[in-house]
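> This is a predicted model, with the sequence first.
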Amino acid sequence: MAGVQLAEVGKAYGAVTVIERLSLDIPAGEFMVFLGPSGCGKSTLLRMIAGLETIDGGTIRIGERRVDTLPPGERGVAMVFQHYALYPHLSVRENMAFGLRNLRVPAAEIAARIAAAAASLEIEALLERKPGQLSGGQRQRVAIARAIVKQPELFLLDEPLSNLDAALRVRTRLELAQLHRRLGTTMIFVTHDQVEAMTLADRIVVLNAGGIEQVGTPMEIYLRPRTQFVATFVGSPRINLLPVAIEEGPAGSARARLGDGTMLDTAIRFAGLPQGAMTLGLRAETVCVTAGDDAATHGTAEVVERLGERTLVHTLLSDGSRLVAEDAGVSAVRPGDRIGLTIDAAAAHLFDATGLGHHRAETA
Ligand SMILES: Nc1ncnc2c1ncn2[C@@H]1O[C@H](COP(=O)(O)OP(=O)(O)OP(=O)(O)O)[C@@H](O)[C@H]1O
């Protein structure tokens, strides 16, 4: 297994810059996820590491070796795509053996590796079938098994779960996490699905328009989003964003005034915040429906989404702004109801005009 180092890599197609001087260090053994919206350059970056795209500048290292001048076959990587890219006329076994024969791996060794990978992904019973005789999930498992038998130093996975139905996606996701634990091989996984990113990653790279917005563990990304873009992209329902005016509150903290006049004392230091209007970020789970007299503000329930374990209440505030609040799974709230809301102001985020995030001081 090998780590990966990208140093100031860039890529343009004609006049369009797709990746701009991007640097990133991935330690050996890490499960790294590239997360970002469609078109942000995730696949391009992965293909640059694989050698399927040239780079216009910078260097790429895998382990101790500089690889950006090497052809894909010499980089020690195996790639799994969204489309399984299996040879339709070859059996599963032959699909797995194909690349190894090209590498002149001895036949007995090929057989042993196929047996081990097939057992690991529970596809032993499928080895003599052709891809056309497999379900989508089985095909994807074969594609992963075909990557494993190469015993790569690095796995590159480009949205490998997105062709699977919801249940199979979850199962294959768990299998992939277990596989990583078992093999310990460095993996880079591209997705636009934040649940996949949160559940699989040791660390996530959030990409936006060809650049890195933030690199961090899933909970760092969720709890301390570096930018408003990251805060908005990660988390479901989407984080509530409200324009606020800021003044100094108790003990040097920032006090936010919402459009409806509600005052919230955040746990964010006032000193150092830029002057002027800011955007308050409140995750839905920090805004809760209350029937008691502890409400920070009141609003009108517009839409009530019952998810089973919790209820999302889309609420209109008196100044016309809207936010999503949470209630228990069994909730009495109906559309049109006037409701009270508690707000956990200590968990609030503030975003300045440049989109930079400000959070409560780190606690030990
Ligand atoms: N061969 C090409 N020629 C010109 N532009 C390209 C080419 N390949 C990709 N692009 C552009 O580069 C940008 C990044 O594409 P890329 O496929 O890396 O995005 P992505 O983040 O993987 O998106 P998706 O999730 O939709 O696959 C896009 O704007 C795309 O239109």
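Looks like it came in fine.

> so which strand or helix has the residue nearest in space to the middle of the chain?
In the chain, the C-alpha nearest the mean C-alpha coordinate belongs to A197, at 3.1 Å (CA atoms, centre = their mean). Element membership of A197, judged by DSSP states H and E, is helix 194-200.

> For that helix, name the packing helices and strands.
Under the contact definition 3 or more CB pairs under 8 Å, 6 or more residues apart in numbering; DSSP states H and E, helix 194-200 sits against strand 31-35, helix 166-183, strand 186-191, helix 218-223. Every residue, glycine included, has its C-beta placed from N, CA and C.

> Now tell me which of these the model trusts least on average.
Among those, helix 166-183 carries the lowest mean pLDDT, at a mean of 86.

> ok so, going back, would you mind telling me which of the helices and strands packed on helix 194-200 is nearest D68?
strand 186-191 (15.5 Å; CB to CB).

> Direction included, what does the closest one pair up with?
In the sheet, strand 186-191 lines up against strand 31-35 (parallel), strand 154-158 (parallel) (DSSP bridges).

> now the ones you listed as CSV including distance to R338?
Converted to CSV, the strands paired with strand 186-191 look like this (distance: least, CB to CB, whole Å):
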stretch, distance to R338
strand 31-35, 39
strand 154-158, 49
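
> Would you reformat these as JSON lines and include mean neighbour count and distance to P237?
JSON lines is the format used below for those (neighbours: other CB atoms under 10 Å; distance: least, CB to CB, whole Å):
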{"stretch": "strand 31-35", "mean neighbour count": "25", "distance to P237": "18"}
{"stretch": "strand 154-158", "mean neighbour count": "24", "distance to P237": "28"}
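
> In a markdown table: those strands, plus distance to the ligand.
Below are the strands paired with strand 186-191 laid out as a markdown table (distance: least, CB to the nearest ligand atom, whole Å):
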| stretch | distance to the ligand |
| --- | --- |
| strand 31-35 | 8 |
| strand 154-158 | 8 |
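
> For G340, which of the ones you listed is the nearest?
Judging the strands paired with strand 186-191 by CB to CB, what sits closest to G340 is strand 31-35, at 35.9 Å.

> contacts for the next helix or strand after that closest one?
The C-terminal neighbour of strand 31-35 among helices and strands, as given by DSSP H and E, is helix 42-50. Residues from elsewhere that reach helix 42-50 (CB atoms under 8 Å, 6 or more residues apart in numbering): 4, 6, 9, 11, 18-19, 22, 34-36, 53-55, 60, 62, 68, 72, 75, 77, 79, 154, 156, 158-159, 188, 190-192, 207.

> Just the buried subset of those residues, please.
Among the contacts of helix 42-50, the ones that count as buried by 16 or more other CB atoms under 10 Å are 4, 6, 9, 11, 18-19, 22, 34-36, 53, 55, 60, 62, 68, 75, 77, 79, 154, 156, 158-159, 188, 190-192, 207.

> Quick check: the residue of the stretch 101-250 of the chain nearest the ligand.
Going by CB to the nearest ligand atom, the ligand is nearest to H192 of the stretch 101-250 of the chain, at 5.0 Å.

> Could you list the buried residues of stretch 298-314?
For stretch 298-314, by 16+ other CB under 10 Å, it's G299, T300, A301, V304, R310, T311, L312, V313, H314.

> Give me every residue in the stretch 151-300 of the chain lying close to the ligand.
Counting by CB under 6 Å from any ligand atom, the stretch 151-300 of the chain comes close to the ligand at H192.

> pLDDT below threshold where in the stretch 151-300 of the chain?
The stretch 151-300 of the chain contains no residues with pLDDT under 70.

> How about the stretch 1-150 of the chain?
In the stretch 1-150 of the chain (pLDDT under 70), the answer is 84.

> Give me every residue in it that's in contact range of the ligand.
When proximity is defined as CB under 6 Å from any ligand atom, the stretch 1-150 of the chain approaches the ligand at Y13, V16, V18, G36, S38, G39, C40, G41, K42, S43, T44.
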